[in-house]
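> return a 3D structure for these sequence lines:
(chains A and B)
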Amino acid sequence: MDYPRSASRKAEIRGKRAELYNMAEYIVGKVDDIPEGKGIAVEAGRRAIAVFRSGGKLYAIANKCPHKGASLCEGEVVVKDGIVRCPWHHWNWQLGNGKLEADPRQSLRTFEVAIEGDDVVVRV
Amino acid sequence: MNVISKDNREHARRIKPNPIDPRAQNYKVVDTDFHFLPDWQALRKFMKEPFKTELTKYPQVGGDYSPQYAIGIEGTGQETLGRASTAADVLRVMDEIAVSTVILSPGFQRPQSIFHPAMLAAVASAYNDYLVAEVMPASPRIKCEIMISHRDPAAGAAEIRRVARHPGFVSVYTEFGGNYEPIGTAKHDPIYEAAVENDLLVTSHVGTFYQQMSPLHQGTRTWAELVGISAVSISMAYVGSMILQGLFDKFPTLHVIVKEGGFWWLPEFMARADDYYLGHPGDIKLTERKLESGEQFLAKLPSEYFDSNIRFSSQPVCFPRDPKHFKMLMELCRGEDMLLYSSDWPHATFDPINWAFDPAISEEGRKKILSENARNWFRRPL
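As a prediction, this is how the structure comes out:
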């Protein structure tokens, strides 16, 4: 029986899953590149991704606002609400789950973020 | 996320995305609604006394409506994206939003809120003189609207005639709002006459909403009601007054452009206006213009005046929830012919040109919306 799985076994399974789903990991920058309450944008593969630091945590979401295409990395982060406000029309996107605050049926893609040493890594 | 493997890891490239579709460069885009807000102290230098001394700040009486609670913006929410106070500012932003020519609207969104006619006239004249002196010489790519006191049509007409010789002016700015009568009434004919005489368009731009002076404001509570919905209903009423009171029969060559007044309401208006007109035409002859001309009816159906006399600036394009309805609405409303692109920079309802690249719009339609419609509709060269 394979349970409980060891850490290395878990890593092996995730590796196979990543291969299967053609996922990739990208180093988006150093931890210090993303100040609290701010965001940066990176090109990861074919995607433009915005990475924010809010309340000490890192979040990664699709950079392009689904409304009319604004660049969300330029938006204001409201830390207490855990949202980023689109710089054009102030639509409030929740950083944790990518949902639109006023209509949670609408959402944008979120991506896993991790810190490894002083690198910030995003899985796309 | 537990790290799985470092073998296939790449470095992501740091980017500064430009959210404006780069294909805009191919179209010589005309932006028909860009808000210019000169520094008030700079403007005062162009005012006549005693206003130059007395008007230490913008003399708005009605009070600012603020979207503070709606979107957490202090002030009027009019400068969300910045402020263009000089020709250099305008040219810089034009490059950022990929437009080739702009038509400047006043940044004081509510000339209607200056109730003192002499104050309004003083501010308007100073604004126009400022444009002539400080903005027009900077670039032929910047065109301007003449600001007038439209509550005082004779004064408004005089102001138009005073500055019309400058080719940088291409239209006359008026506002639709909930605290003033619809501007299609005959008493405003001096304005239309002066405009037509000088090959100028007349703009009807959103201004006051359900201001404090209107009973309608008392039941409203939200910004979406005020700016979203009331703007459209008032715009319709103003257009209705122009058509049904025979403005375009008296001035058949007059070109009007409605700005921020909505657009998808066209089919309702056309069908309903035609039906109600044909069912109730007896009082057309009693309107001032028809009493003057002796005519009994309108020269054509209400719906037919849109093609000959009215166009719409596009912003804000509000997409229906089902994408295929956008294409249907564009066809129904003849959007490719009737819409002239506008940005509304720097307001919180800004529209980039990006929507014009929606697959529902043909390439020919895109050229018209972004450039050709404006160049054909404005009587003076852009």
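
> for chain A, give me the ranges with low pLDDT.
Filtered on pLDDT under 70, chain A yields the residue ranges A:1-2, A:14-15, A:17-22.

> residues of it that sit close to chain B?
Applying C-beta under 8 Å from any C-beta of the partner chain, we find that chain A lies next to chain B at A:7, A:10-11, A:14-15, A:18, A:24-29, A:33, A:40-44, A:48-49, A:63-64, A:68-71, A:73, A:85, A:87-90, A:112-114, A:116, A:121-123. Backbone N, C-alpha and C define where each C-beta goes, glycine included.

> filter the residues you listed to the buried ones?
In the residues of chain A next to chain B, burial by neighbour count holds for A:14, A:18, A:25-29, A:33, A:40-44, A:48-49, A:63-64, A:68-71, A:73, A:85, A:87-90, A:113, A:121-123, counting by 16 or more other C-beta atoms under 10 Å in any protein chain shown.

> just the ones of these in strands?
A:25-29, A:40-44, A:48-49, A:85, A:113, A:121-123 (DSSP state E).

> residue nearest the centroid of chain B?
In chain B, the centroid-proximal residue (C-alpha atoms, centre = their mean) is B:Lys259; its distance is 2.9 Å.

> identify the bridge partners of that one.
B:His205 (DSSP bridges).

> surely it meets B:His35?
No. The criterion here is C-beta atoms under 8 Å, and B:Lys259 misses it with B:His35 at 10.6 Å.

> between these two, which contacts overlap?
Residues touching both B:Lys259 and B:His35 by C-beta atoms under 8 Å, 6 or more residues apart in numbering or on different chains: B:Ser105.

> for chain B, which residues are neighbours of chain A?
Near chain A, when you scan chain B using C-beta under 8 Å from any C-beta, you find B:1-5, B:8-19, B:21, B:71-73, B:80-81, B:348-352, B:354-355.

> chain A: helices as residue ranges?
A:7-20 (DSSP state H).

> the nearest residue in space to B:Tyr69 that is not next to it in sequence and B:Ala231, how far apart?
Nearest residue to B:Tyr69, sequence neighbours excluded (C-beta to C-beta, 6 or more residues apart in numbering or on different chains): B:Trp223, at 7.5 Å. Going from B:Trp223 to B:Ala231 by C-beta to C-beta, to the nearest Å gives 11 Å.

> mind checking which of the two has more residues around it?
B:Ala231 (23 against 19; other C-beta atoms under 10 Å in any protein chain shown).

> the bottom helix or strand of chain B by mean pLDDT?
Within chain B, no helix or strand scores below helix B:68-71, which has a mean of 80 by mean pLDDT, DSSP states H and E.

> what does the host helix or strand of B:Glu336 contact?
Following DSSP states H and E, one finds B:Glu336 within helix B:335-338. Contacts with helix B:335-338, where a contact means C-beta under 8 Å, 6+ apart, come from B:263, B:266, B:306-307, B:310-312, B:329-330, B:361-362, B:364-365, B:368-369, B:373.

> can you check stretch A:87-94 too?
Here stretch A:87-94 has contacts from A:61, A:65, A:67-68, A:70-72, A:74-76, A:78, A:81-86, A:99-102, A:108, B:19, B:71-73, B:80-81, B:348-350, B:352, using C-beta under 8 Å, 6+ apart.

> pLDDT below threshold where in the stretch 151-300 of chain B?
For the stretch 151-300 of chain B (pLDDT under 70), the answer is B:208-213.

> look up the closest residue to the residue in it that chain A sits nearest to, ignoring the ones flanking it.
Closest contact between the stretch 151-300 of chain B and chain A, by C-beta to the nearest C-beta, is at B:Ala224 (10.7 Å). Once flanking residues are discounted, B:Ala224 sits nearest to B:Ala70: 7.1 Å by C-beta to C-beta, 6+ apart.

> need the contact list for that neighbour.
B:222-224.

> mind putting these into CSV with secondary structure?
Below are the contacts of B:Ala70 laid out as CSV (DSSP: H, G, I helix; E, B strand; the rest coil):
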residue, secondary structure
B:Thr222, coil
B:Trp223, helix
B:Ala224, helix
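
> for the stretch 201-350 of chain B, what spans make up the helices?
Chain-ordered helices for the stretch 201-350 of chain B, with DSSP state H, counting those that start in this stretch as the definition, fall at B:223, B:231-244, B:247-250, B:266-279, B:288-293, B:305-309, B:323-332, B:335-338.
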